[in-house]
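**Q** I would like to see how this sequence folds:
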Amino acid sequence: MGNASGFYGDRFDAVREMLTGGEPGSLDVLTGDYLAELTMLILGRDLLKDPNSGYAKTFLRQMEEGLGLAHERGVRIVTNAGGLNPAGLAEALDTLANRLGLPTRIAYVEGDRLPTRDGVLTANAYLGGAGIAACLTAGADVVVTGRVTDAALVTGPAQWHFGWDPEEYDRLAGAVVAGHVLECGTQATGGNYAFFTAHARHTLRRPGFPLAELHADGSAVITKHHGTGGVVDLGTVTAQLLYETSGARYAGPDVTARLDTVRLTQDGPDRVRIDGVRGEAPPPTLKAGLARIGGHRNEVVLVLTGLDIDAKAQFVREQVEDALERSKSRPAEVRWELVRTDRADADSEETASALLRLVARDPAPEPVGRALSAAAIELALASYPGFHVTAPPGKGAPYGVFEAAYVPAADVPHTAVLPDGSRVRLPVPVHTRDLEPVDEPPLPGPPPAGPVRRVPLGRVAGARSGDKGGDANIGVWVRTDAAWRWLVHTLTVERLKQLLPETVGLDVVRHVLPNLRAVNFVVTGILGEGVASQARFDPQAKALGEWLRSRHLDIPVDLLEELL
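**A** All right, here's what the predicted structure looks like:
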C-alpha cells in the first residue's frame, strides 16, 4: 500500500509518482488522505455556496490521469477526498471514467454526517475501515469516503485483502499503526524531520511518498519507491508515530491499538519493520468532529524598528487601547504579541525590526472591522517613530472552531454504497472496551552523575508536535538507551513547563513509551479554539516541538560525545 496525499493541497504529482514508480505489480492499493479538521470547515463553506461541492476537487483533477494509470497497473484507489459529499465525488468520478472510456468501478462510504444543531456548520463521525472493505470485496476499483479515521484508509484494504475477522485485534492494530505512519505522506520519509541536517540536503529536497508492505499477521515494513528522495529510518518512522497522538491507547472505530507495544527495527536501507503491536476492542463510542463559526477576527501587524522597541510597543499599545475604548465598540477579545525579530546594529532594516501583532475577535463583525482599522491606522502620523504596518487591516473575517464530541457507534449508519448501487449497512462491533489510562511502565534507573554541558535539548532529542482541536501534543524521542535513561528522568511535566512558559497554567499530561524511547506530552488548551481561530503565532503547534528542542538545559557530556 502507498499513500499519495497527506492533506488537501499536498504535492499534486504524487499520484502519478506513486502509480508509475516501482516495479509493475509492486503496488496493490494507493490511498489519499485529504481531510484535516480545518479542511472540514473549508469544505463546509464550499457546500454552502454550491450544494454539488463539498469534496476535494484536487483529487478529481489528479484522477484525469490517475484513473488510467491505476487501471493499467491493477491498483485500487482508496481516499477520503469525498469530504462532506462522497456521493457527489463518486458521481463525478463515474462521469470522468466514462469520458475516458475506462471500466472503472466506483463505490463510496457514507453515514458519517451527523445532524447539526444551530450554529454548527459540519458534524461528522470518524468511521472505521469496514465500509471500505465491503466496497473492495464487491469489486470496487476506487473507493471514496467521507470522514473516516486516517488509519481506516489502510485497515479497510487490509481487512479486504487478508479476510481478517473484526475481532482479530492484534492484526488490526498493526494495520492501524502502519496507517498512522502513512497518513501524513512524506513526514514518514524525511519531511519535517528534526534531524534533517544528518542527511544530505539533496536527499531530502523532494522526499518520495511512503509505502507499507502489510503482512497477514499485522506486521508491516515501511519503505518507499526505489530511487525516490527522502529517507526511511527508525527516526523518521518514530517521529510520525508520535505525531498527533496522546497516550499508549490509540483508540479508533476498528480497534484500540497499544502504542506502547510497537517494535521498530531497521530492515535494510529505507526499510523499517513494525511488529509486536497489540490491540484491544474499540470503545463503544465514535469520535465526532463539529465545526462551527466561532465569530469574527482581524489582525494588525505593526513594525517597530531600531531603538527602544519595548517602549515603542508599550506606547502604541496604549494608544490603540485608548482608541478602542473611545470607539465604544471594543472587540470582545484583544491580544497583543511582541515578536522580537530585531537585532542590534543590524545591517538591514528588516533585521533591525520587531513585529507587534494585534489580534481581535468578536461575535459580531463590526468591532473587528472598521473600529479596529480606525484605531490602528489613524495613528499613522501620531505614534512612535517609524510607524508602519505589514498590511492595512481588512474588514475582518469569520473564523471557525473545531469541537470534539463522542456519539454511540450504534447511532451512526455506517453504509457502503457498492459499485452496482446497492447499499450495505455495516454492523457495529459486538465487543467494546471503555478507554482507561495505562499505568506508567517501569522506568530504567537514572543515569550516574557526571559532567554536564548546557546546550539545546535538540542536540540529543528529536521532537514532532501537532494539533488536535485546541490541544497540542509534543512527542520527544532519543536514539540510544543511555539517552533514554536521561530523558525519561529529566523531561518531566514540571521541566517542560519551565522550558515552555506558554504551558504554565495549562493541563499537561506525560505519556511514556519505552519501546520508542519516547515521551509524549499532551498540552490542553494551548491552541484556544483550534487552528481556524488562529489563537497563536503557530496555530497548529507545528513548531512547538522545535521550540522545545531549542531550549537549553544541562545534558551529560557522555551523551553528547556518544552522538558525535
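
**Q** tell me the phi and psi of Pro501?
**A** Reported as degrees, to the nearest 10, the phi and psi values for Pro501 are phi -60, psi -20.

**Q** which ones are touching Val478?
**A** Val460, Ala461, Gly462, Trp484, Trp486, Leu487, Arg517, Ala518 (CB atoms under 8 Å, 6 or more residues apart in numbering). All C-beta spots, glycine's among them, are computed from the backbone N, C-alpha and C.

**Q** Is it possible to mark the buried ones in the residues you listed?
**A** Among those, those classed as buried by 16 or more other CB atoms under 10 Å are Val460, Ala461, Gly462, Trp484, Trp486, Leu487, Arg517, Ala518.

**Q** now, which of the residues you listed lie within helices?
**A** Those of those mapping onto helices are Trp484, Trp486, Leu487, per DSSP state H.

**Q** Quick check: closest non-adjacent residue to the first one.
**A** Nearest-residue entry for Trp484: Arg517, 4.1 Å, with adjacent residues in sequence omitted and distances by CB to CB, 6 or more residues apart in numbering.

**Q** Ala405 belongs to a strand?
**A** Yes - counting by DSSP: H, G, I helix; E, B strand; the rest coil, Ala405 is part of a strand.

**Q** The stretch 51-200 of the chain: helices as residue ranges?
**A** 57-73, 86-100, 130-137, 152-162, 169-182 (DSSP state H, counting those that start in this stretch).

**Q** Double-check the residue nearest to Trp484 against Leu487; I have them as touching.
**A** Yes - using CB atoms under 8 Å, Arg517 makes contact with Leu487 at a distance of 7.4 Å.

**Q** what's the spacing between the closest residue to Leu242 other than its chain neighbours and Thr524?
**A** Using CB to CB, 6+ apart and skipping the chain neighbours, the partner closest in space to Leu242 is Gly475 (2.6 Å). Remark: distance between Gly475 and Thr524 (CB to CB, to the nearest Å) = 16 Å.

**Q** same check, this time on Ser353
**A** Taking CB to CB as the measure, Ser353 falls 35 Å from Thr524.

**Q** Pro393 now?
**A** With CB to CB as the criterion, Pro393 and Thr524 are 31 Å apart.

**Q** Who has more neighbours out of these two?
**A** A count of neighbours by other CB atoms under 10 Å puts Pro393 above the other of Pro393 and Thr524, at 21 against 15.

**Q** list the contacts for the more buried one?
**A** With CB under 8 Å, 6+ apart, Pro393 has these contacts: Asn298, Glu299, Val300, Leu372, Ser373, Ala376, Ile377.

**Q** returning to that earlier point: quickly name whichever of the ones in helices among the buried ones among the contacts of Val478 is closest to Trp547.
**A** Within those, the smallest distance to Trp547 is 17.2 Å, found for Leu487 (CB to CB).

**Q** my guess is that closest one contacts Leu513, does it?
**A** No - Leu487 is not in contact with Leu513 according to CB under 8 Å; the separation is 11.4 Å.

**Q** so Ala216 sits in a helix?
**A** No - counting by three-state DSSP, Ala216 is not part of a helix but coil.

**Q** Arg510 versus the closest residue in space to it that isn't next to it in sequence, what's the distance?
**A** Leaving aside its chain neighbours, Ala216 sits nearest to Phe162 (5.0 Å; criterion: CB to CB, 6+ apart). Remark: distance between Phe162 and Arg510 (CB to CB) = 36 Å.

**Q** Do a quick rundown of the strands in the stretch 151-300 of the chain.
**A** 210-214, 220-224, 249-250, 256-258, 263-266, 272-275, 278-280, 285-305 (DSSP state E, counting those that start in this stretch).

**Q** Show the subsequent helix or strand relative to the longest one.
**A** Scanning forward in sequence from strand 285-305, with DSSP states H and E defining helices and strands, the next element found is helix 309-327.

**Q** List the contacts of that following helix.
**A** So helix 309-327 is contacted by 302, 304, 330-331, 334, 336, 338, 340, 342, 354, 356, 358, 371-372, 374-376, 378-379, 382-387 (CB under 8 Å, 6+ apart).

**Q** Okay, and which of those map to strands?
**A** Leu302, Leu304, Val334, Trp336, Leu338, Ala354, Leu356, Leu358 (DSSP state E).

**Q** picking up where we left off before, just the buried members of the contacts of helix 309-327?
**A** Judged by 16+ other CB under 10 Å, buried ones among the contacts of helix 309-327: 302, 304, 330-331, 334, 338, 342, 354, 356, 358, 371-372, 374-376, 379, 383-384, 387.

**Q** tell me which residues in stretch 297-312 are buried?
**A** For stretch 297-312, by 16+ other CB under 10 Å, it's Arg297, Asn298, Glu299, Val300, Val301, Leu302, Val303, Leu304, Thr305, Ile309, Lys312.

**Q** try stretch 249-264
**A** 249-262, 264.

**Q** Return the per-residue confidence for the nearest residue to Phe537 once chain neighbours are set aside.
**A** Excluding the flanking residues, the one nearest Phe537 by CB to CB, 6+ apart is Glu337, at 6.4 Å. We have a pLDDT of 94 for Glu337.

**Q** which residues does Glu337 contact?
**A** Glu337 neighbours (CB under 8 Å, 6+ apart): Leu356, Arg357, Val359, Phe537.

**Q** Residues contacting stretch 359-371, please?
**A** For stretch 359-371, contacts defined as CB under 8 Å, 6+ apart pick out 294-299, 324, 327, 329-335, 337, 372, 395-396, 398-399, 533-535.

**Q** Kindly format the C-alpha coordinates of it as CSV.
**A** As requested, the backbone C-alpha atoms of stretch 359-371 are provided in CSV (Å, rounded to 0.1, in the frame of the first residue of the first chain):
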residue,chain,number,x,y,z
VAL,A,359,-5.4,40.1,17.1
ALA,A,360,-9.0,40.9,17.8
ARG,A,361,-12.1,38.7,18.0
ASP,A,362,-15.7,39.3,18.5
PRO,A,363,-19.1,37.5,17.9
ALA,A,364,-20.1,40.4,15.6
PRO,A,365,-18.1,41.6,12.5
GLU,A,366,-18.3,45.3,13.2
PRO,A,367,-16.0,45.6,16.2
VAL,A,368,-13.2,43.8,14.4
GLY,A,369,-13.8,45.7,11.2
ARG,A,370,-13.8,49.4,10.8
ALA,A,371,-13.5,50.1,14.5
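
**Q** can you map out the strands along the stretch 1-150 of the chain?
**A** Using DSSP E, counting those that start in this stretch, strands in the stretch 1-150 of the chain cover 2-3, 29-32, 76-79, 106-110, 120-125, 142-144.

**Q** would you list those in TSV and tack on mean neighbour count, distance to Asp233 and mean pLDDT?
**A** Converted to TSV, the strands of the stretch 1-150 of the chain look like this (neighbours: other CB atoms under 10 Å; distance: least, CB to CB, whole Å; pLDDT from 0 to 100):
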stretch	mean neighbour count	distance to Asp233	mean pLDDT
strand 2-3	29	18	98
strand 29-32	28	22	98
strand 76-79	27	27	98
strand 106-110	27	34	98
strand 120-125	22	35	94
strand 142-144	32	32	98
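
**Q** Next, format these as TSV and append distance to Arg205.
**A** Shown next, in TSV, are those (distance: least, CB to CB, whole Å):
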stretch	distance to Arg205
strand 2-3	20
strand 29-32	23
strand 76-79	27
strand 106-110	36
strand 120-125	36
strand 142-144	32
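
**Q** nearest to Pro413, of the ones you listed?
**A** Across the strands of the stretch 1-150 of the chain, closest to Pro413 is strand 106-110 (CB to CB), at 8.1 Å.

**Q** That closest one: partners in the sheet, and parallel or antiparallel?
**A** strand 142-144 (parallel), strand 415-417 (antiparallel) (DSSP bridges).

**Q** quick one, it and helix 152-162 angle?
**A** Put simply, strand 106-110 runs at 120 degrees to helix 152-162, going by axes from the mean of the first three to the mean of the last three CA atoms, to 10 degrees.

**Q** Please identify the nearest residue in space to Thr122, excluding sequence neighbours.
**A** Of all residues not flanking Thr122 in the chain, Gly44 sits nearest, at 4.1 Å (CB to CB, 6+ apart).
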